[in-house]
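K.L.:
starting from these lines, generate the structure:
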Amino acid sequence: MEILDLKIEYDERVYPPSEDTYLLIESINPINSQNALEIGPGSGIISLHLANHIDRVFACDINPYSLFLSKRNANINSIKNVHFFSSNIFSSIKSGALFDIIVFNPPYLPVESPPKKLIDLSYHGGIDGGDHIRAFLNDFCHYLSKYGRAYLLQSSLYPLDKTIEYLISNKFEYIIKKSLKLDFETLYVLEISFFKDDVF
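P.N.:
Numbering: from 1, shown residues only. Take a look at the predicted model:
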């Protein structure tokens, strides 16, 4: 199947491209960016799309099947400027590494029972759906370049007000780049950056 001029294969153990994936792709502005980091690439479609516009792209996932599938899709499309590696959000990223773009489509479904399979990790957001969103917000500023932008997808299943309150109280700028109303939720993509007065 060809998507965005990319040939993408699938694996039942990996989250496939869906509405949230395409909403993120439509939201990201790659202009003037030298590198990018995607957390949780799934099939790799966003990272491969960015690799056609940005010199260096890095993508990390906790699911080894995602990494294998993403690498395969990169090879199918003859894309060589993406580096895939294992990491739980920022756990494997060296201190001091900075990215002009950081993309995260977090697992956001509220689920009380623990994940049983690797594929469960792609949607399991903890009891309130916000576990991975909060973890990302706590750390992304250490890896975002001073004029960089972070793109966070969030569902209305976890209160958007909580994320906005965090961003405001921690002096980040943000805009809602895109939103999409579905049957049982609304998806939002937030573009987050440092306040210009705080950039040194």
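K.L.:
what comes up buried for stretch 49-61?
P.N.:
Residues of stretch 49-61 classed as buried: 49-51, 54, 56-61 (neighbour count, 16 or more other Cβ atoms under 10 Å). Where C-beta positions appear, they are placed from N, C-alpha and C, glycine not excepted.
K.L.:
show me the shaky parts of this structure.
P.N.:
Residues of the chain meeting the criterion pLDDT under 70: 1-3, 197-200.
K.L.:
residue nearest the centroid of it?
P.N.:
The centroid of the chain falls nearest to residue 104 when counting by Cα atoms, centre = their mean (1.7 Å).
K.L.:
give the bridge partners for that residue, please.
P.N.:
Residue 104 has the following beta-bridge partners by DSSP bridges: residue 39, residue 152.
K.L.:
ok, it to residue 159 distance?
P.N.:
18 Å (Cβ to Cβ, to the nearest Å).
K.L.:
now swap in residue 12 and tell me
P.N.:
From residue 12 to residue 159 the distance is 32 Å (Cβ to Cβ).
K.L.:
swap in residue 82?
P.N.:
Distance from residue 82 to residue 159, by Cβ to Cβ: 34 Å.
K.L.:
and the longest helix for this structure?
P.N.:
helix 64-76 (DSSP state H).
K.L.:
name the helices or strands packed onto that one?
P.N.:
The helices and strands touching helix 64-76, judged by 3 or more Cβ pairs under 8 Å, 6 or more residues apart in numbering; DSSP states H and E, are strand 6-7, helix 45-51, strand 56-61, strand 82-86.
K.L.:
what packs against the last one?
P.N.:
Think strand 82-86. helix 45-51, strand 56-61, helix 64-76.
K.L.:
okay, now the sheet partners of that strand, with direction.
P.N.:
strand 56-61 (parallel).
K.L.:
chain center to the partner strand: distance?
P.N.:
10 Å (Cα atoms, centre = their mean, to the nearest Å).
K.L.:
which residues touch it?
P.N.:
34-42, 44, 47, 50-51, 67, 70, 81-87, 89, 92-93, 99 (Cβ atoms under 8 Å, 6 or more residues apart in numbering).
K.L.:
in this structure, which spans are helices?
P.N.:
Under DSSP H, the chain gives helices at 19-27, 45-51, 64-76, 131-139, 160-169.
K.L.:
got the angle between the third one and strand 82-86?
P.N.:
Between the axis of helix 64-76 and that of strand 82-86 there is an angle of 170 degrees, by axes from the mean of the first three to the mean of the last three Cα atoms, to 10 degrees.
K.L.:
quick check: buried residues in helix 64-76?
P.N.:
Quick answer for helix 64-76 (16+ other Cβ under 10 Å): 66-67, 69-70, 73-74.
K.L.:
nearest to residue 154, of these?
P.N.:
residue 66 (20.6 Å; Cβ to Cβ).
K.L.:
quick one: residues contacting that closest one.
P.N.:
Going by Cβ under 8 Å, 6+ apart, the list of residues near residue 66 reads 14-15, 40-44.
K.L.:
could these go into CSV alongside neighbour count?
P.N.:
Converted to CSV, these look like this (neighbours: other Cβ atoms under 10 Å):
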residue, neighbour count
14, 23
15, 22
40, 24
41, 31
42, 27
43, 23
44, 31
